[in-house]
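Q: Next come a sequence and a model predicted from it.
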Amino acid sequence: MMKHGIRYGLVLACFVGVASAAEVNIAQTDFSERVINFAIFLAILWYLGAHRLKALLQARQAGISKRFDEVQSRISAAKKAKEQAQKQLDEARKKASDIIATAKKEAIVIAQRCEEQCSADIESLIKSNESLMAFEQRKAKVELVESVLKELFNSEAADIDTQEYVRILSKKVA
């Protein structure tokens, strides 16, 4: 309070100094009374409104501080959310690359299995075909022998002994 009184006194002295520097006769004006009235008015105004003005300014300062804190907390929450989203994005990219690598490996394994299965199927078909050919050859030999024997038995020149039959059959089969 003493500080403010000194300030007001200095302001009043400045007014008096300005008035005297202008070489105006203060005695002919009511300047000094007006200055005193103004000083009293400021003192009353200060006395009555200083507490309210301080409370108003402090409430405004507290409100601004509160909003600033809220904004700071939102900013930090947004940063945390951004970091978390970035981590999730990195994890998703890593999982995607792992899935792609696994899929490529599985494709290679499946292709190898398919190739092995096809090779085994081809070998099986070849063996089956060979056995079928052998069977057909034996069947053809049997039919040939039967046809030769029927031909011999049905012909009139069938007066050949068994030794001759065996020799002819051996010759035809070979």
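A: That came in fine, so what should we check first?
Q: so after the lowest-mean-pLDDT helix or strand in the chain, what's the next helix or strand?
A: Here the helix or strand of the chain ranked lowest by mean pLDDT, DSSP states H and E is helix 2-21, holding a mean of 64. As assigned by DSSP states H and E, the chain's next helix or strand after helix 2-21 is helix 31-154.
Q: Around Ser97, count how many other residues there are.
A: For Ser97, the neighbour count with other C-beta atoms under 10 Å is 10. (C-beta placed from N, C-alpha, C; glycine too.)
Q: Please determine how far it is located from Ala85.
A: 19 Å (C-beta to C-beta, to the nearest Å).
Q: next one: Arg67
A: Distance from Arg67 to Ala85, by C-beta to C-beta: 26 Å.
Q: what's the answer for Thr102, then?
A: Using C-beta to C-beta, we find Thr102 at a distance of 25 Å from Ala85.
Q: Please name the residues that touch Leu57.
A: Counting by C-beta atoms under 8 Å, 6 or more residues apart in numbering, Leu57 touches no other residue.
Q: could we number from 12 for the rest of this?
A: Sure, I'll start counting at 12 from here, so that last one is Leu68.
Q: confidence score at it?
A: Here, the pLDDT recorded for Leu68 equals 90.
Q: repeat for the one 10 residues further on
A: Looking at Arg78, its pLDDT stands at 95.
Q: Also Lys138?
A: Predicted confidence (pLDDT) for Lys138: 92.
Q: Near it, how many other residues are there?
A: 10.
Q: Roughly how far does it sit from Ala131?
A: Distance from Lys138 to Ala131, counting by C-beta to C-beta: 11 Å.
Q: in this protein, which ranges drop under the pLDDT threshold?
A: Under the criterion pLDDT under 70, the flagged ranges of the chain are 12-16, 19, 23-39, 163, 166-172, 176, 184-185.
Q: The spatially most central residue of the chain and Lys93: what is the separation?
A: Residue closest to the average C-alpha location in the chain (C-alpha atoms, centre = their mean): Leu100, at 3.1 Å. Counting by C-beta to C-beta, the gap from Leu100 to Lys93 is 10 Å.
Q: same thing with Ala70?
A: Separation of Ala70 from Lys93 (C-beta to C-beta): 34 Å.
Q: again with Arg178
A: 102 Å.
Q: Same question for Glu126.
A: Where Lys93 is concerned, Glu126 sits at a distance of 49 Å (C-beta to C-beta).
Q: swap in Gly20?
A: Using C-beta to C-beta, we find Gly20 at a distance of 58 Å from Lys93.
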